[in-house]
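Colleague: Next come a sequence and a model predicted from it.
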Amino acid sequence: MPSDLPAAAQAVAVEVLVHGAQSRAQLAKRMGLSPATLTRLVKPLVETGVLAESGAVRTPGRGRSSLPLDVVADSRRFIGVKLTTESIYAVVTDLRAEVLDSLTLAEPSLDVADVVAAVAGVVARLESDTGRAVQAVGVTVGGRVDKGETVADSPFLNWHEIPFRTLLAREVQAPLFLANDVVGLTKLEQWFGYGRTYADFALLTVGAGVGYGLVVDHRVVPTFVSPIGHLPIDPHGPLCAWGHRGCLTAYVTSGAMTAALSQAHARPVSYAEVLQLAEDGDPAAVRVVSEAARALGRAAAMVTSLTGVERIVLSGEGVRLAEVGRETLGVARREYAAGRTSTIEPVVRPMDFTEWARGAAVTAIQAVFP
């Protein structure tokens, strides 16, 4: 989108991108604009190709047919890349983050130079396969990312103060954007998921780690990973790797849950097996899952208490925990509510790593549109 467009025109473009084709009358009503003001804002968007007029639609009453305004989603390509300790997950999407192609590659090593080369290779391969110019590339990692430039601390990759965006930008021609993976997932929910119809929501993710995203008044609020991941749940609970006793990480991460059940059964168990055994009534597994669900429910209640945001999305590659432990999670949300528990139940969004990669793509889409 041209950078000299006024903010109000950019807001119109985002409205159409997020909510789909609309007539000028619908747009004016949704955005609280006069017809004259909307006409003025729309004109440069159509002239520059940001918006396009589609087939005529008859409006109610005697008025003439109008031409709905929409984005041409297929006109642009974006690449999203999610890094994990074991694999690189990448997708090609259109402007509305619909996945057109995907690629998963084993992580060659966690050496920075190796990862840079591997990601650059994945981007080049996908761009070649799609046969189209890529408008922007988004890359996300688990851990703290400073100013969209530096992986300040990633316990999963064991990286500290790595200027990853600069290093990768030397190998990638398209505009490149780096973000925390939960930020990417939050932006995906904000524009193309549950959050697109609400001004406020919070996202909690569970899996190898714990993530927290927050949107207030349609804006992504900067959040920090560590405070929510190490939220105290029980002062007598198990230790996490940082030495915190009974924090959220010590209960709900896949590593914590598998370690607890492996010890109980004196053999290694997978995360999927923990949940399956709990569903089958295995006492030790039921205990592990119940404690984890209770911790997650308390965390959700705490987010609502501290922010006032009642709509909670539970997601992440380990989110089946919320389904298996749904009853306990609900009880935990009400434990300290003093009768003021939100009546809005958390939304559970199962996902895989392709969704994390879509989130990376959306960081790029939001960066260039507008």
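Modeller: Structure's in. What do you need? Source: prediction; values computed, not measured.
Colleague: tell me which element L296 is part of?
Modeller: According to DSSP states H and E, L296 maps onto helix 283-307.
Colleague: Quick one: list the elements packing against that helix.
Modeller: The contact analysis (3 or more C-beta pairs under 8 Å, 6 or more residues apart in numbering; DSSP states H and E) places helix 283-307 against strand 201-206, strand 210-216, helix 248-252, helix 254-265, helix 271-279, strand 312-315, helix 320-324, helix 326-335. In short, each C-beta sits where N, CA and C put it, glycine included.
Colleague: so can I have TSV of the ones you listed showing mean neighbour count, mean pLDDT and distance to V81?
Modeller: TSV is the format used below for those (neighbours: other C-beta atoms under 10 Å; pLDDT from 0 to 100; distance: least, C-beta to C-beta, whole Å):
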stretch	mean neighbour count	mean pLDDT	distance to V81
strand 201-206	27	96	18
strand 210-216	22	95	17
helix 248-252	27	96	25
helix 254-265	18	97	22
helix 271-279	19	98	24
strand 312-315	24	97	19
helix 320-324	22	97	25
helix 326-335	17	93	32
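Colleague: do you know which of the ones you listed lies nearest P163?
Modeller: Between P163 and these, the tightest spacing by C-beta to C-beta is seen for strand 210-216, at 23.2 Å.
Colleague: chain center to that closest one: distance?
Modeller: How far strand 210-216 lies from its chain's middle: 9 Å, per C-alpha atoms, centre = their mean, to the nearest Å.
Colleague: Moving C-terminal from it, which element do we reach first?
Modeller: Using DSSP H and E, the helix or strand that follows strand 210-216 in sequence is strand 219-221.
Colleague: how about that next one: buried residues?
Modeller: V220 (16 or more other C-beta atoms under 10 Å).
Colleague: which residues are contacting it?
Modeller: Applying C-beta atoms under 8 Å, 6 or more residues apart in numbering, the contact partners of strand 219-221 are V183, T186, K187, Q190, G213, L214, V215.
Colleague: Touching, F177 and V362? I think so.
Modeller: No - between F177 and V362 there is no contact under C-beta atoms under 8 Å: 10.1 Å.
Colleague: Which one's more surrounded, the two?
Modeller: V362 (29 against 24; other C-beta atoms under 10 Å).
Colleague: tell me the contacts of that one?
Modeller: With C-beta under 8 Å, 6+ apart, V362 has these contacts: G80, A97, G138, G184, K187, L188, W191, F192.
Colleague: quick one: it from P35, how far?
Modeller: Taking C-beta to C-beta, to the nearest Å as the measure, V362 falls 32 Å from P35.
Colleague: Need the pLDDT of G229.
Modeller: pLDDT for G229: 89.
Colleague: Can you give me the neighbour number for it?
Modeller: Count around G229 with other C-beta under 10 Å applied: 23.
Colleague: Setting aside sequence neighbours, what's the nearest residue to E323?
Modeller: V348 (6.0 Å; C-beta to C-beta, 6 or more residues apart in numbering).
Colleague: ok, what's across the strand from that neighbour?
Modeller: L314 (DSSP bridges).
Colleague: Could you count how many residues lie near it?
Modeller: V348 has 16 nearby residues by other C-beta under 10 Å.
Colleague: For it, give me its contacts.
Modeller: L314, S315, V319, A322, E323.
Colleague: what sits against the nearest residue to H265 once chain neighbours are set aside?
Modeller: Nearest non-adjacent residue to H265, counting by C-beta to C-beta, 6+ apart: A284, 6.5 Å away. Residues near A284 by C-beta under 8 Å, 6+ apart: L261, A264, H265, L277.
Colleague: Just the pLDDT for A284.
Modeller: For A284, pLDDT reads 98.
Colleague: I'd like to know how far it sits from A299.
Modeller: Noted for A284: a distance of 23 Å to A299, by C-beta to C-beta.
Colleague: domains for this protein, by residue range?
Modeller: For the chain, automatic domain parsing gives the domain ranges 7-71, 74-188+354-368, 197-348.
Colleague: Give me the distance between the two termini of the last one.
Modeller: Terminal residues of domain 197-348 lie 16 Å apart, using C-alpha to C-alpha, to the nearest Å.
Colleague: Show me how far it is from its chain's centre.
Modeller: Its chain's C-alpha centre and that of domain 197-348 lie 17 Å apart, by C-alpha atoms, centre = their mean.
Colleague: first to last residue in stretch 199-210, what's the distance?
Modeller: End-to-end for stretch 199-210, by C-alpha to C-alpha: 23 Å.
Colleague: same question, stretch 104-117
Modeller: The first and final residues of stretch 104-117 sit 15 Å from each other (C-alpha to C-alpha).
Colleague: Once you drop chain neighbours, what's closest to D129?
Modeller: D101 (6.1 Å).
Colleague: Just the helices from the stretch 1-150 of the chain, written as ranges.
Modeller: Using DSSP state H, counting those that start in this stretch, the helices assigned to the stretch 1-150 of the chain run over residues 7-19, 24-31, 35-47, 112-130.
Colleague: any chance of those in JSON lines, plus mean pLDDT, distance to T205 and mean neighbour count?
Modeller: What follows is the helices of the stretch 1-150 of the chain, written out as JSON lines (pLDDT from 0 to 100; distance: least, C-beta to C-beta, whole Å; neighbours: other C-beta atoms under 10 Å):
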{"stretch": "helix 7-19", "mean pLDDT": "95", "distance to T205": "22", "mean neighbour count": "18"}
{"stretch": "helix 24-31", "mean pLDDT": "94", "distance to T205": "31", "mean neighbour count": "16"}
{"stretch": "helix 35-47", "mean pLDDT": "94", "distance to T205": "35", "mean neighbour count": "15"}
{"stretch": "helix 112-130", "mean pLDDT": "97", "distance to T205": "22", "mean neighbour count": "17"}
